[in-house]
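S.K.: need a structure here:
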Amino acid sequence: MNALKPILLTMIATCWSASAEWQPLWPGQAPGGTQPCVLVESEGEGGRLTDIAVPQYEIYEPKPSKRTGAAVIILPGGGYTILAMNHEGRDYAKWLADRGVVAVLVKYRVSGKDEAGYQFPVPLMDARRAIRLTRHHAKAWGVDPTKVGVMGSSAGGHLASMCATLWEEKLPAETTDEIDQLGCRPDFAVLVYPVISMNDPWGHGGSKRRLLGASPEAALQARVSTHTRVDGRTPPCFLIHAADDGAVPVRNSLEFAARCAESRVPVVSHVFSQGSHGFGLAGRGDSAAWPALLEAWLVASKLGVPAGS
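M.R.: Reported below is the predicted structural model:
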């Protein structure tokens, strides 16, 4: 029995965390999408989620002695079809918490089924709600409401870039509760091999199809091509990309960074020769250096602390 005790305790802790961590973004039915919801959420290999029926979040908190007051809303990628919840979600969250940053991992609504009604602006509503919710709970979570950023990879990077550039847009389906009255402009953005354009051949066709539908209007495509939406009020940005990315060409990051520079928005952009697409925290080839570069940027920006400090 004694030999089994650690195993049983681990099983109990695992079951408790799985049931206790996820919390709904909205009380009751989330606005937007097809109602009632027609989906059943499922999980595939590597923690890949799809058919998100209920948008939720979970919090990863740093040790009290490490807290910097910063928080990051994490938006995993997956072409607006799935969410790569492990390598573009939980890995980042644990890494950030170890550097004193409260990480809020978001399960935003995505699906490969048109009938779900998860086209624009549904994912953006979920992301903006997470930003506002973090500010609403700032005191309880030990967060400075002026240090709330976003971090997204691939299509999640596009979603994070919409948060950074479309924050003034009114979305009619959002609620009128007290949380949705708070500001949704992030204070900084970390974009990891992001999709940026929905209106150019160097964008990502799969993300465009899922977010905008089969035959989107040209005005809508331009509206959510976020490099065209950068202005002097865009928050500071940190971008990384691999030059050999065959899925989401590096031009996505280059165009966004160039617009930031033109608008005098503080921007750091790193392009690596190797990495391809979807390399997550581990990187591939020389892109394995990117977490250290992000850590240095967070420390210099007074958002994070060095690991092990």
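
S.K.: Any stretches of the chain with poor pLDDT?
M.R.: Scanning the chain for pLDDT under 70 picks out 1-20.

S.K.: Let me see the ranges of the helices in it.
M.R.: For the chain, the helices defined by DSSP state H cover 5-20, 91-97, 122-136, 138-141, 155-165, 205-212, 218-223, 251-262, 290-300.

S.K.: Could you single out the most deeply buried of the ones you listed?
M.R.: helix 155-165 (a mean of 30; mean count of other Cβ atoms under 10 Å). All C-beta atoms are positioned from the backbone trio N, CA, C, and that covers glycine.

S.K.: And the residue nearest the centre of the chain?
M.R.: The C-alpha lying nearest the average C-alpha coordinate of the chain belongs to residue 75 (Cα atoms, centre = their mean; 1.8 Å).

S.K.: picking that back up, nearest to residue 54, out of the helices of the chain?
M.R.: Among these, helix 122-136 comes nearest to residue 54, with 10.4 Å by Cβ to Cβ.

S.K.: Wait, residue 141 touches residue 59, no?
M.R.: Yes - at 6.9 Å, residue 141 and residue 59 qualify as touching, with contact defined as Cβ atoms under 8 Å.

S.K.: which residues are common contacts for the two?
M.R.: Listed contacts common to residue 141 and residue 59 are residue 102; contacts here mean Cβ atoms under 8 Å, 6 or more residues apart in numbering.

S.K.: picking up where we left off before, could I get the helices of the chain as TSV with distance to residue 178?
M.R.: Output for those, formatted as TSV (distance: least, Cβ to Cβ, whole Å):
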stretch	distance to residue 178
helix 5-20	25
helix 91-97	27
helix 122-136	7
helix 138-141	14
helix 155-165	20
helix 205-212	29
helix 218-223	28
helix 251-262	33
helix 290-300	30
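
S.K.: Out of the ones you listed, which gets nearest to residue 194?
M.R.: helix 155-165 (2.5 Å).

S.K.: Mind giving me the packing neighbours of that closest one?
M.R.: Where contact means 3 or more Cβ pairs under 8 Å, 6 or more residues apart in numbering; DSSP states H and E, helix 155-165 is packed against strand 71-75, helix 122-136, strand 148-153, strand 189-192, helix 205-212.

S.K.: try 7 Å this time
M.R.: For helix 155-165, the elements it packs on are strand 71-75, helix 122-136, strand 148-153, strand 189-192, judged by 3 or more Cβ pairs under 7 Å, 6 or more residues apart in numbering; DSSP states H and E.

S.K.: For that helix, report the contacting residues that lie outside it.
M.R.: 75-80, 88, 123-124, 127-128, 131, 150-152, 186, 189, 191-196, 207, 224, 226, 229-230, 234-235, 237, 256 (Cβ atoms under 7 Å, 6 or more residues apart in numbering).

S.K.: cutoff 6 Å now
M.R.: Contacts to helix 155-165, defined as Cβ atoms under 6 Å, 6 or more residues apart in numbering, come from residues 75-77, 79-80, 123-124, 127, 150, 152, 186, 189, 191-192, 194-195, 207, 226, 229-230, 234-235.

S.K.: Can you tell me, leaving aside adjacent residues, what's nearest to residue 242?
M.R.: Excluding the flanking residues, the one nearest residue 242 by Cβ to Cβ, 6 or more residues apart in numbering is residue 275, at 3.1 Å.

S.K.: and if you look at residue 305?
M.R.: Residue nearest to residue 305 in three dimensions, not counting chain neighbours: residue 100, with 4.3 Å by Cβ to Cβ, 6+ apart.

S.K.: just checking, the one you found touches residue 68?
M.R.: Yes - contact status for residue 100 versus residue 68: in contact at 4.1 Å, counting by Cβ atoms under 6 Å.

S.K.: so who does the residue nearest to residue 305 touch?
M.R.: Residues counted as contacts of residue 100 (Cβ under 6 Å, 6+ apart) are 62, 66-68, 304-305.

S.K.: Including neighbour count and distance to residue 28, could those go into JSON lines?
M.R.: Converted to JSON lines, the contacts of residue 100 look like this (neighbours: other Cβ atoms under 10 Å; distance: Cβ to Cβ, whole Å):
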{"residue": "62", "neighbour count": "20", "distance to residue 28": "31"}
{"residue": "66", "neighbour count": "17", "distance to residue 28": "36"}
{"residue": "67", "neighbour count": "18", "distance to residue 28": "32"}
{"residue": "68", "neighbour count": "21", "distance to residue 28": "34"}
{"residue": "304", "neighbour count": "25", "distance to residue 28": "35"}
{"residue": "305", "neighbour count": "20", "distance to residue 28": "38"}
